[in-house]
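Participant: let me see the structure of the following:
(one chain, ligands or ions: 1)
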Amino acid sequence: MKGEIKETMLGDCPICKSKNSLKALMFIHEIPYFGKVMESTIICEKCGYRNADVMILEEKEPRLYTVKVEEEKDLFTRVIRSKSGTIELEELGVTIEPGPASQGFISNVEGVLERVKETLIMTRHFKEQENDLEAVKKVDELLEYIEEVKNGQKSLTIKVMDPFGHSALIGEKVKSRLLSDEEIKSLSTGPYVIYEPNKQHYD
Ligand SMILES: [Zn+2]
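Facilitator: Numbers count the residues shown, from 1 in each chain. Below you'll find the model as predicted:
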């Protein structure tokens, strides 16, 4: 992946209130057969606050992307998830929604499953401490399902939706269609939207 890194000072940090300590690192690169994507990381040099996001730079429409993961090679389907993107892992009943802690990333299905696994292991730990054995059992089932998907024994339907069109799935098996106005309205965009190029979708 070739690209260039740009650096910009953004001003004061919203977390620690230090003066002029916030900077943005922006990295633009080109994904073959897809287009230009910008990864950005906002970093406070004083308190270490950081926040990552991704956006698709080409003119993109709000679409629903779907892929059915059935075999090992499907795990390499690329996932571009901006902070405004929602990822649904249908058979697991897991949804990753925009929120204050959400981060943008460029990864693949395997990477997304690893992220979900980490969160589930953390949840399992808390539920075990609360002695909520029912919840622990449920988490174990989800973790087992993820392993089976990774071994090609179970299938998993993955959906990616973004009201701003900044998130996508890329791969030969990926299907996509435009999101309806109703669907766009029902999607959460999260409290923090830094980039708002498609203002008409953001009321
Ligand atoms: Zn700070």
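
Participant: rest of the way, CA atoms for contacts and neighbours
Facilitator: Noted.

Participant: what does stretch 79-98 rub up against?
Facilitator: By C-alpha atoms under 8 Å, 6 or more residues apart in numbering, the list of residues contacting stretch 79-98 from outside reads 53-55, 99, 102-109, 112, 142, 145, 156-164, 166-170, 187-191, 193.

Participant: out of those, list just those in helices.
Facilitator: 109, 112, 142, 145 (DSSP state H).

Participant: and those, which two are furthest apart?
Facilitator: 109 and 142 (15.9 Å; C-alpha to C-alpha).

Participant: now the contacts of stretch 79-98: which count as buried?
Facilitator: Neighbour counting by 16 or more other C-alpha atoms under 10 Å classes 53-55, 99, 102-106, 108-109, 112, 142, 145, 156, 158-164, 166-170, 187, 189-190 among these as buried.

Participant: what ranges does this protein have for its helices?
Facilitator: Secondary structure of the chain by DSSP H: the helices cover 109-129, 133-150, 181-186.

Participant: buried ones in the shortest one?
Facilitator: Buried residues in helix 181-186, defined by neighbour count with 16+ other C-alpha under 10 Å: residue 184.

Participant: which residues are in contact with stretch 6-24?
Facilitator: Stretch 6-24 is contacted by residues 25-27, 40-47, 49 when judged by C-alpha under 8 Å, 6+ apart.

Participant: residues contacting residue 134?
Facilitator: So residue 134 contacts nothing (C-alpha under 8 Å, 6+ apart).

Participant: over to residue 25?
Facilitator: Shown in contact with residue 25 (C-alpha under 8 Å, 6+ apart): 5-8, 40-43.

Participant: tell me what the residue most central in space within the chain is bridged to.
Facilitator: For the chain, residue 81 is the residue whose C-alpha lies nearest the centre (C-alpha atoms, centre = their mean; 3.4 Å). Counting by DSSP bridges, residue 81 forms beta bridges with residue 105.

Participant: quick check: it vs the ion, distance?
Facilitator: Distance from residue 81 to the ion, counting by C-alpha to the ion, to the nearest Å: 25 Å.
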